[in-house]
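> Provided below for reference: sequence and predicted model.
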Amino acid sequence: MKITVIIPTYRRAVDLNRCLTGFKKQVRPADEILVAVRDTDSSTCEFLKTFDSQSLPLKILTVKVTGVVAAMNVGLDSATGDIVSFIDDDAVPHVDWLAKIEAYFLADEEIGGVGGRDRIYQDNRLVEGREPVVGKLRWFGRMIPYHHIGVGPKREVDILKGVNMSYRRTAIGDRHFDKRMKGTGAQVHFEVAFCLSLKRAGWKLIYDPQILVAHYLAQRFDEDQRQQVNPIAYSNSVHNQTLAILEHFLPPQRIIFALWSIFVGTRGAYGIGQLFRFLPTEGTLAWKKWLLSMQGRRQGWLTWQESNRLKSNSTTLSKEIMR
């Protein structure tokens with residue numbers, strides 16, 4: 001099978017150098033490596049001009065729109081592999097990364113996606129933890145991520161993480177990452193809608209903690225600064241997650257999801273329950289997170305409703321034309 005690797009990057013030349021160097025050491029080399037670079041990113045362009053690619057099958061793609069979704073989609077449109085693998089520019093694949101990924105797709109034609117653990121290094125220290133349940137979406141809307149600390153055997157999941165995910169080209173078909181995702185850079189939760197779309201189509205998604213990348217959390221050059229609560233980034237993240245879940249759920253589940261979101265919520269999207277849980281320790285910050293969460297939920301519902309309205313109008317128009 002032919003493997004294409006897609007690396008979206010923006011203003012992180014040092015990290016990109018480390019990432020690309022990791023691909024020189026793969027026991028199963030990539031057949032195609034596509035680096036998607038923003039047209040305004042002069043520092044990365046200058047680095048790539050001088051980078052010693054050696055035998056790497058490297059190709060540079062130019063992106064004219066902000067956000068990781070545009071970069072991923074440019075990569076998808078250019079990829080020629082039977083397997084399309086995605087990795088962040090601040091991550092480094094273990095030497096057997098591509099070999100293990102290919103083995104899964106060769107072994108089972110029903111597997112549409114494969115992902116693994118990203119061992120996160122924050123301030124050069126490994127983030128520790130052990131979670132047996134990873135990448136699941138509960139029936140009422142709670143998402144369980146923890147891809148970075150997953151342990152145990154391989155298992156089917158609902159969601160793979162963008163830093164370490166690969167897909168069968170025939171499973172992808174004409175799918176693209178959702179352009180409705182909010183944000184100008186990271187666009188958090190962009191991968192959720194893509195994964196759930198494959199699940200609805202009947203494809204298996206496999207998570208194996210032994211498919212490893214080292215993830216050195218680098219600076220983001222947008223509103224999302226990881227450890228800081230930025231109002232725009234926080235609301236955008238909740239919007240993106242909400243939209244993806246609404247697309248996936250059946251009508252009764254959407255009602256349950258709405259009630260659960262309002263009255264319970266999670267650490268990343270506060271409902272009333274989470275507000276009062278963290279109010280004693282966070283004070284006014286808890287109120288801020290709750291308000292931003294409710295704003296993001298509302299915006300996610302509005303985006304979903306508007307999309308449905310447009311689809312309905314398009315279907316009606318098509319029927320009128322066919323008469």
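Yep, that arrived.

> Over to residue 8: give its phi and psi.
Main-chain torsions, residue 8, degrees, to the nearest 10: phi -80, psi 140.

> what's the neighbour count on it?
25 (other C-beta atoms under 10 Å). Heads up, the C-betas are built off the backbone N, CA and C, glycines and all.

> Next, the contact list for the residue lying closest to it once chain neighbours are set aside, please.
With sequence-adjacent residues excluded and distances taken as C-beta to C-beta, 6 or more residues apart in numbering, residue 8 is closest to residue 71, at 3.5 Å. Residue 71 is in contact with 8, 9, 10, 36, 38, 61, 63, counting by C-beta atoms under 8 Å, 6 or more residues apart in numbering.

> What mean pLDDT does stretch 144-153 get?
Across stretch 144-153, pLDDT averages out at 97.

> Going by neighbour count, list what's buried in it.
144, 145, 146, 147, 148, 149, 150 (16 or more other C-beta atoms under 10 Å).

> and of the contacts of residue 71, the nearest to residue 163?
residue 8 (10.6 Å; C-beta to C-beta).

> from memory that closest one sits against residue 69, does it?
No: using C-beta atoms under 8 Å as the test, residue 8 is too far from residue 69 to be in contact (9.1 Å).

> Following element in sequence after the helix or strand residue 85 falls within, please.
Mapping residue 85 onto the secondary structure by DSSP states H and E places it in strand 83-87. Next in sequence after strand 83-87, counting helices and strands by DSSP H and E, comes strand 91-93.

> Of all the residues in whatever helix or strand comes next after that next one, which ones are buried?
Moving toward the C-terminus from strand 91-93, the next helix or strand (DSSP H and E) is helix 97-107. For helix 97-107, the buried set under the neighbour-count rule, 16+ other C-beta under 10 Å, comprises 97, 98, 100, 101, 102, 104, 105.

> from memory the last one sits against residue 83, does it?
Yes: in terms of C-beta under 8 Å, residue 105 counts as a neighbour of residue 83; the distance is 5.7 Å.

> joint contacts of those two?
Taking C-beta under 8 Å, 6+ apart as the criterion, residue 105 and residue 83 both touch 1, 166, 168.

> Next, the contact list for the last one, please.
Spelled out, it's residue 168. Contact partners of residue 168, counting by C-beta under 8 Å, 6+ apart, are 82, 83, 105, 111, 112, 113, 203.

> so what pLDDT did it get?
Residue 168 is assigned 98 on the pLDDT scale.

> how about it, phi and psi?
phi -70, psi 130.

> what about residue 109, distance to residue 148?
29 Å (C-beta to C-beta, to the nearest Å).

> I appreciate the help and will end here.
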